[in-house]
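1. Quick one, what's the 3D model for this:
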Amino acid sequence: MTRSTTVLVVGGGATGVGVARDLSLRGVDVTLAERGGLASGTSGRSHGLLHSGARYAEADATGAEECIEENRILRDVAGECIRDTGGLFVQLTEDDPEYFEAKRDACEAVGIETDELDADAARELVPDLSPEVERAMRVPDAVIYPSRLVAANAADAEANGATIHPHAPLESLTVTDGRVTAATLGGDADETVDPDYVVNAAGAWAGQVAAKAGVDVEMAPARGVMVSVEYDSLGPVLNRCRDPDDGDIVVPHESEAVLGTTSVPVSDPDDYERADWEVDRSIEECAAMLPPVADADVVRTWWGVRPLYAPDEGDGDRRGISRGFFKLDHGDDGVENLVSVVGGKLTTYRQMAASTTDLVCERLGVEADCETATRRLPGADDGDRLDEFVARYDGQGPTDEDVVTRD
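-> Reported below is the predicted structural model:
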């Protein structure tokens with residue numbers, strides 16, 4: 001069967017469903033295809049941190065500004081997709097105090113609220129903090145439940161006329177005279193789509209999707225492990241106040257704490273090693289901040305692959321690659337109706353989607369404003385309804401497995 005659609009979005013993670021939702025709210029006919037359940041790629045396999053931007057403040061002021069802006073927006077529109085925990089950056093005895101001060105000053109410069117605490121005040125918030133903690137800085141981090149977030153975006157898109165296809169892998173793209181003229185979807189969709197425009201929002205797999213149109217998108221994916229342990233006594237997110245390294249974040253869930261993470265280059269986001277040393281190192285390093293997690297029972301372990309974009313990047317440590325996002329208009333590559341949106345973070349998905357939708361609407365001659373910064377997600381105040389959306393789109397990922405209920 002062949003069907004026409006104005007825009008085909010490839011990729012059902014946060015950015016892809018964000019684009020589909022934004023387009024549908026602007027009155028554009030859109031079809032989204034995801035090869036698995038929604039959020040089955042990177043979005044549903046993170047540590048679940050809603051960044052305040054403090055992690056990036058001293059090294060990437062623009063990225064930090066994007067994070068704090070989106071952090072505030074999502075708190076307003078995402079309801080029970082978010083858990084407001086706050087966060088601490090903690091300085092241990094061996095950590096450079098000048099780094100702490102540089103981060104605090106950088107946060108102030110970009111408008112991220114901070115509150116410096118001495119060791120005693122920090123331990124009043126987190127009694128199990130290491131005795132090696134010398135001081136801490138409170139920041140507006142939070143926890144995000146990606147399965148709920150992605151599914152709620154998809155539900156709103158569908159309610160506004162979008163077609164959402166989980167389990168519909170893209171099998172081929174046909175390019176004729178410099179335009180994508182057909183996309184073949186397999187799986188549950190089993191159809192050929194004739195799009196006016198195509199958005200490649202496949203994350204770490206964006207290079208594979210682009211290649212189907214004869215276009216190069218040079219991704220530099222990196223894997224990272226998350227280890228969830230039994231621990232229900234942590235209030236805020238904990239961040240080690242040092243240059244980003246293995247095992248420097250602890251994210252509280254309701255009865256668990258997620259420890260992470262590593263950064264190891266991979267060549268194939270579907271086929272990579274899951275190394276035991278990554279688990280051991282993450283536990284050891286996180287225990288330097290919060291000693292009880294060293295002996296806590298491990299509930300589950302999972303890896304995610306970061307969708308980093310870095311042309312000509314080698315095989316070295318990829319932590320220094322920008323976490324900003326990029327829109328690649330492939331008209332410059334000879335395919336005028338294809339754009340790839342790559343890079344970015346879960347925290348900034350809505351902004352990535354809005355920017356991409358602006359571009360697509362400009363190309364299509366659609367004049368309509370973005371509403372997603374002020375329009376609340378459906379079910380935002382009802383966790384059970386959000387979890388029904390997750391079940392509808394087979395959207396459960398390991399990040400929030402302990403929170404999302406699927407009866």
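2. When you work out contacts or count neighbours from here on, use the C-alpha atoms and nothing else.
-> Will do.
3. Now do the strands in the stretch 301-407 of the chain.
-> 325-329, 338-343 (DSSP state E, counting those that start in this stretch).
4. Likewise for the stretch 101-250 of the chain?
-> Taking DSSP E, counting those that start in this stretch, the strands of the stretch 101-250 of the chain run over residues 115-118, 133-139, 142-144, 163-165, 170-176, 179-185, 191-200, 222-230, 237-240, 249-252.
5. helices or strands next to the first one in the packing?
-> By that I understand strand 115-118. Applying 3 or more C-alpha pairs under 8 Å, 6 or more residues apart in numbering; DSSP states H and E, one finds that strand 115-118 makes contact with strand 133-139.
6. Dump the strands of the stretch 301-407 of the chain to TSV, plus distance to T163 and mean neighbour count.
-> Shown next, in TSV, are the strands of the stretch 301-407 of the chain (distance: least, C-alpha to C-alpha, whole Å; neighbours: other C-alpha atoms under 10 Å):
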stretch	distance to T163	mean neighbour count
strand 325-329	23	18
strand 338-343	19	25
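7. Pick out the shakiest of those, pLDDT-wise.
-> In terms of mean pLDDT, the lowest-scoring of the strands of the stretch 301-407 of the chain is strand 325-329 (a mean of 94).
8. Can you give the contact residues for it?
-> The contact list for strand 325-329, computed with C-alpha atoms under 8 Å, 6 or more residues apart in numbering, reads Y309, E336, L338, V339, S340, V341, V342, G343, G344, K345, M352, T356.
9. The second one against H330, yeah?
-> So that's E336. Yes: here E336 reaches H330: they are 5.9 Å apart, a contact under C-alpha atoms under 8 Å.
10. Give me the more crowded residue out of the two.
-> Taking neighbours as other C-alpha atoms under 10 Å, E336 and H330 compare with H330 leading, 20 against 17.
11. where does E65 fall, phi/psi-wise?
-> phi -60, psi -40 (degrees, to the nearest 10).
12. burial of the residue nearest to it when sequence neighbours are not counted, as a residue count?
-> Nearest residue to E65, sequence neighbours excluded (C-alpha to C-alpha, 6 or more residues apart in numbering): V110, at 5.9 Å. A count of neighbours around V110, defined by other C-alpha under 10 Å, yields 19.
13. Look at V110 and report its pLDDT.
-> 96.
14. contacting residues around it?
-> Taking C-alpha under 8 Å, 6+ apart, one finds A57, A61, A64, E65 in contact with V110.
15. and what of Y231?
-> Applying C-alpha under 8 Å, 6+ apart, the residues near Y231 are S255, E256, A257, V293, A296.
16. if we go to 7 Å?
-> S255, E256, A257, A296 (C-alpha atoms under 7 Å, 6 or more residues apart in numbering).
17. returning to what we had before: mind telling me the two of the contacts of V110 farthest from one another?
-> Across these, the longest distance by C-alpha to C-alpha is 8.0 Å; it joins A57 and E65.
18. Of those two, give the one with the bigger neighbour count.
-> Taking other C-alpha under 10 Å, A57 and E65 do not tie; A57 has more neighbours (25 against 21).
19. what residues does stretch 234-245 touch?
-> 85-91, 95, 99-100, 126, 141-142, 248-252.
20. Against A78, how distant is D381?
-> Using C-alpha to C-alpha, to the nearest Å, D381 is found at 8 Å from A78.
21. What of G27?
-> Going from G27 to A78 by C-alpha to C-alpha gives 22 Å.
22. Among these two, which residue is more densely surrounded?
-> Neighbour tally, G27 and A78, criterion other C-alpha under 10 Å: the higher count belongs to A78, 23 against 14.
23. I'd assumed L377 was in contact with the more buried one.
-> Yes: using C-alpha atoms under 7 Å, A78 is in contact with L377, at 5.7 Å.
24. Mind telling me what element I68 is part of?
-> Using DSSP states H and E, I68 sits in helix 61-77.
25. Among the contacts of stretch 234-245, the buried ones, what's the PyMOL command?
-> If you want just the buried ones from the contacts of stretch 234-245 in PyMOL, going by 16 or more other C-alpha atoms under 10 Å, the selection is:
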select buried, resi 85+86+87+88+89+90+91+95+100+126+141+142+248+249+250+251+252
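26. Give the residue farthest from the middle of this structure.
-> What lies farthest from the middle of the chain is D177; by C-alpha atoms, centre = their mean that is 35.1 Å.
27. pLDDT wise, what is that residue at?
-> Listed pLDDT for D177 reads 97.
28. cool, and A59?
-> The model's pLDDT for A59 equals 93.
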